[in-house]
Each structure stands twice: as C-alpha cells, then as structure tokens.
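>>> have a look at this prediction, sequence included:
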Amino acid sequence: MSAREAQKIANSRNLDLVKIAPKAKPPVCKIMDYGKYKYEMAKREKEARKNQKVVDIKEIRLSANIEAHDLNVKVNQAGRFLKNGDKVKVSLRFRGRELSNTSKGQSVIREFAALLGEVGTVEREARLEGRQLIMIIAPKNE
C-alpha cells in the first residue's frame, strides 16, 4: 500500500509508522507504538548487561627462590581468585643473576600450575617477557 494510506491507518490507531527496511524496494514499514518498542529494547539490553560477568585479571607475584609454605599461601590466594571467576596472572620476576638460570623459575611456575590444577586451567603457558616469566590461569568451567 502507499505510504499515505499506511500513515492514515497509523494515525487512526494512534500508532507510529516505522520503517523496518528503508533500503528495500519498496521500503518495508510497520505500524507500532515506537515509544513502547524503544522502552522494551532498553529493558532487554539492561537485563542482558545484568547477567554478564566481568572477568578481572588478578596478579600473583612469585620469586625464583620461594619457599614451599610461601608458595602454598600464594596458591591458596590464587585459588580464591579462581573460585570467584577471575583469571590469575602469575608473574615470576628474575632479579640480578637469576636471569641466567631461568630453569629454576620454570619449575616453580610449573609446580604452581600443578597445585592449582583442580580449580584452574592454564590459558597461556609460561613465557619469558624481559625479566619476567608470565603465565595466565583461567577458572575451570563446570
């Protein structure tokens, strides 16, 4: 039907004539209450945002010469972060001559990942970036 006829029908029903596909030949229009439509779309969008979970990245710092008890304390802290749904960035900084012997740091970071095996999975393997060995652990999906 013509645009004028559609507009008359919309006016008689106290509704709006809204173009759905303006580039189509001929343009596709719909008769609706545009204010109500915008309100429902905003409400749906707000509901979708409410259900989203923002994932934070928490950082745990280690050293190459860490003792077993200190490592367990750090593992417990990282476990709490993972249970809350956050990712954990484990960084091991080499100081001074420690950089020449990175294998000790590799073993510490591997042990850390093994201790967190039941609550998290390694998302990015340990990589040497400058003077730091960095690994990212994500929470397990269950």
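Right, received. Where do you want to start?

>>> next, give phi and psi for Leu17.
Leu17 adopts backbone torsions of phi -100, psi 110, taken as degrees, to the nearest 10.

>>> hmm, Ala10 and it touching each other?
Yes - between Leu17 and Ala10 there is a contact under Cβ atoms under 8 Å: 4.3 Å. Heads up, the C-betas are built off the backbone N, CA and C, glycines and all.

>>> what is in contact with those two at once?
Ile31 (Cβ atoms under 8 Å, 6 or more residues apart in numbering).

>>> show me where the chain has helices.
3-12, 34-50, 68-83, 103-115 (DSSP state H).

>>> quick one: which of those is nearest Arg61?
helix 68-83 (8.3 Å; Cβ to Cβ).

>>> could you list the domains of the protein?
As assigned by automatic domain parsing, the chain contains the domains 3-50, 57-139.

>>> CSV for these, including mean pLDDT and mean neighbour count?
Output for the domains of the chain, formatted as CSV (pLDDT from 0 to 100; neighbours: other Cβ atoms under 10 Å):
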stretch, mean pLDDT, mean neighbour count
domain 3-50, 89, 11
domain 57-139, 91, 15
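
>>> and the helices of the chain as TSV, adding distance to Asn141?
What follows is the helices of the chain, written out as TSV (distance: least, Cβ to Cβ, whole Å):
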stretch	distance to Asn141
helix 3-12	49
helix 34-50	20
helix 68-83	11
helix 103-115	17
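
>>> of all the ones you listed, which lies closest to Lys58?
Closest to Lys58 of the helices of the chain is helix 68-83 (Cβ to Cβ; 4.4 Å).

>>> by contact count, what packs against that closest one?
Packed against helix 68-83 by the contact rule (3 or more Cβ pairs under 8 Å, 6 or more residues apart in numbering; DSSP states H and E) you find strand 57-63, strand 87-93, helix 103-115, strand 120-129, strand 132-139.

>>> what's the distance between Leu116 and Pro139?
10 Å (Cβ to Cβ, to the nearest Å).
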